[in-house]
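> make a model of this:
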Amino acid sequence: MRSQPRIATRSDIPPFIVMDMMRAANEKAALGEHIIHMEGGQPSTKAPAKVIAAAHSALDHDRLGYTDAKGLPELRERISRHYQDRYNLTISPHRIMVTTGSSAGFVLAFLSLFDKGAHVALPVPGYPCYPHILRALDINPVFIETSGQSRWFPTVSHLQDVSAKHGALEGLLLASPANPTGTMLDAPSLQKLATHCASNNISFISDEIYHGLTYGAPAPTALAYNKDAIAINSFSKYFSMTGWRIGWMVVPDYLVRPIERLQQNLYINAPTLSQLAAIEAFDCIDELENYKNAYEINRDFLLNELPAAGFTKILPADGAFYLYADISHLTDDSQSFARLILEQTGVAVTPGQDFDAARGHHFLRFSYARSLKDMQEAIKRLKPWINSR
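Next up, the predicted model:
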């Protein structure tokens, strides 16, 4: 009998549970059920009008060939101007790499910075694909359990503690605003972490994909405090362009050529159509701010109504479009609980195990990126369901 072909061990990583939940929700929707999607971090809004118009124009007039591996010069120059406009920072276009979404940015950052066996610190709860990608590359994620005392972010003391336990850290990766918590580092706290990394030869990767989506103070960038930080961003969230698969990274001068070589060989270039369209995104701020205002209305509605539906322990939500709720009073298995909610109410949510293997069984993440009408319908379904249990 022929043996099964060998499967590489690097593929033996956990699933991205939110995608499994999305698939289950879509399967039910395909059968005609009205599903309320609160599982994914995907805006229900279209890309801005000028972006769509630019894409149509490119399809009509551009041959859509390859671009430079670093991306179209016009787009990199426009991103550079964005840093001046939003952060008052002068960032050379030379340091900007256009990527196939932020996901490719993480792969390029990890490959350029860390050899096999390196130790990279990550806060938990946190975005699950970070450690999954690191493990696939034979890099060791070092988890830092955070709590409300530090607004669910690591501190310099945390870094010192894990360094003492695991040896020297080669990297720190964090997102602010964060997924799944929605919390955000203030400027002094970010500066302390960025300065500590710079002083201790720790590469600092800052996931800034939710910048623009804050409901109080704007989010600061790590680039303001650490000249060697890598900032990774995307057009997916604030710019409402998830399916366009277009992002960017800002890298220090010494990494420009290594990352360009990796991009050339792994991806050639980010999608040309998306690059041409994305140039226009920065001129759509009024439209995008209207989108953000709608998220804020959703957030305020859920913060008021979810407790009445039984979800009484919700973390502070400074940005992004997520609420992370402690449901330990309702279940010890958030994954089974989330599937039960989907099956019996048609509301799709994400279990906390996706973000925190040790404590996530007591948490659910609710995304409020969809319409207010959807949020209202979700509460209408969840209230009687929870109260009947």
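> low pLDDT regions in the chain?
For the chain, the stretches with pLDDT under 70 are 1-2.
> the domain parsing of it - what is it?
9-47+285-387, 49-283 (automatic domain parsing).
> want to throw those domains into TSV with distance to S3?
(Glycine included, C-beta is placed from N, CA and C.) What follows is those, written out as TSV (distance: least, C-beta to C-beta, whole Å):
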stretch	distance to S3
domain 9-47+285-387	17
domain 49-283	24
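> can you list these in JSON lines and add mean neighbour count?
Output for the domains of the chain, formatted as JSON lines (neighbours: other C-beta atoms under 10 Å):
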{"stretch": "domain 9-47+285-387", "mean neighbour count": "18"}
{"stretch": "domain 49-283", "mean neighbour count": "19"}
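> how far away is L262 from L111?
6 Å (C-beta to C-beta, to the nearest Å).
> run through the helices of the stretch 1-150 of the chain in chain order.
With helices called from DSSP state H, counting those that start in this stretch, the stretch 1-150 of the chain shows them at 17-30, 49-61, 73-87, 101-113, 129-136.
> what helices or strands is the third one leaning on?
Yep, that's helix 73-87 we're talking about. Packing contacts for helix 73-87, counted by 3 or more C-beta pairs under 8 Å, 6 or more residues apart in numbering; DSSP states H and E, involve strand 96-99, strand 247-250, helix 272-278.
> D186 is nearest to which of those?
Of all the helices and strands packed on helix 73-87, it is strand 247-250 that lies closest to D186, at 21.2 Å by C-beta to C-beta.
> quick one: distance of that closest one to the chain centre.
Distance of strand 247-250 from its chain centroid, counting by C-alpha atoms, centre = their mean, to the nearest Å, is 13 Å.
> and what of stretch 304-319?
With C-alpha atoms, centre = their mean, you get 21 Å for stretch 304-319.
> likewise for stretch 361-373?
With C-alpha atoms, centre = their mean as the basis, stretch 361-373 stands 15 Å off its chain's centre.
> F110 and L137 touch, don't they?
Yes - F110 is within contact range of L137, at 5.6 Å (criterion: C-beta atoms under 8 Å).
> would you format the helices of the stretch 1-150 of the chain as TSV with distance to I327 included?
Output for those, formatted as TSV (distance: least, C-beta to C-beta, whole Å):
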stretch	distance to I327
helix 17-30	15
helix 49-61	38
helix 73-87	36
helix 101-113	29
helix 129-136	23
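> out of these, which is closest to G346?
Closest of the helices of the stretch 1-150 of the chain to G346 is helix 17-30, at 7.0 Å (criterion: C-beta to C-beta).
> minimum distance to K192: which of the helices of the stretch 1-150 of the chain has it?
Proximity to K192 (C-beta to C-beta) singles out helix 73-87 among the helices of the stretch 1-150 of the chain, at 18.4 Å.
> excluding its backbone neighbours, what's nearest S371?
Once flanking residues are discounted, S371 sits nearest to S44: 5.5 Å by C-beta to C-beta, 6 or more residues apart in numbering.
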